[in-house]
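S.K.: the following comprises the amino acid sequence and a computationally predicted model.
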Amino acid sequence: MLRGVMLGGLGVTGGVAVVLLSVFGLNWVASTGWIIIALVGCSFGALALLALTGRRPRVEIGPDGFVARVPFGSRSRRWSDIEGGFVVIKVGVAEGMGCRLTRVFKESAGIKPTTLFAGNDEAISGGYEIPIGELAELPNHHKGRATGAS
């Protein structure tokens, strides 16, 4: 997540600089426009700092299911709502943890089919403290214990 914020910030700041140069010229940018470019760069620097020090996304696993918490919300699922296990998938350019939901749950929750998650109905991704492969093993283990599967 931090890498994305930093690369995005560099791209946007560079884009703003190019636009200002092409519209107003080098003299204006050298005398006044550099302030705008510096403000854009500092804004993304602040976002990167917030991403670094802010609450990381987390998955809380319990006997009946899990809750995936992100900075702006959460999603909970019961083990009985999950069909099969959790797998590592690609979500955009990052990796995520995908799962398939039961037909009954999808119908009751109004979840529409998607092709975004490599055959899975949902994905959990973000900057977790452990690698996504290890994260996917945890709910598989707990779901297996809760449902009596090995």
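M.R.: Happy to help now that I have it.

S.K.: got the buried residues for stretch 70-89?
M.R.: For stretch 70-89, a neighbour-count test (16 or more other CB atoms under 10 Å) marks R77, W79, D81, I82, G85, F86, V87, V88, I89 as buried. In this view, the C-beta of every residue, glycine as well, is placed from N, C-alpha and C.

S.K.: name the residues that touch it?
M.R.: 54-55, 57, 64-68, 95-103, 105, 117-118, 120, 122-124, 126, 132-133, 136, 139-140, 142-143, 146-147 (CB atoms under 8 Å, 6 or more residues apart in numbering).

S.K.: and the lowest-mean-pLDDT helix or strand in the chain, what does it pack against?
M.R.: Least confident helix or strand, the chain: helix 34-53 with a mean of 82, by mean pLDDT, DSSP states H and E. The helices and strands touching helix 34-53, judged by 3 or more CB pairs under 8 Å, 6 or more residues apart in numbering; DSSP states H and E, are helix 2-24.

S.K.: convert the C-alpha atoms of the longest strand along the chain to PDB, please.
M.R.: Counting residues, the longest strand found in the chain (DSSP state E) is strand 82-91. The C-alpha trace of strand 82-91 is given here as PDB (Å, rounded to 0.1, in the frame of the first residue of the first chain):
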ATOM      1  CA  ILE A  82     -17.700 -20.000   2.600                       C
ATOM      2  CA  GLU A  83     -17.600 -22.800   0.100                       C
ATOM      3  CA  GLY A  84     -14.200 -24.600   0.000                       C
ATOM      4  CA  GLY A  85     -11.000 -22.900   1.200                       C
ATOM      5  CA  PHE A  86      -9.100 -19.700   0.800                       C
ATOM      6  CA  VAL A  87      -6.600 -19.300  -1.900                       C
ATOM      7  CA  VAL A  88      -4.000 -16.800  -3.000                       C
ATOM      8  CA  ILE A  89      -5.000 -14.900  -6.100                       C
ATOM      9  CA  LYS A  90      -4.000 -11.800  -8.100                       C
ATOM     10  CA  VAL A  91      -6.100  -8.700  -7.300                       C
END
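
S.K.: partner strands of it, with direction?
M.R.: Under the criterion DSSP bridges, strand 82-91 sits next to strand 94-101 (antiparallel) in its sheet.

S.K.: just checking, next helix/strand downstream of the strand it pairs with?
M.R.: helix 103-109 (DSSP states H and E).
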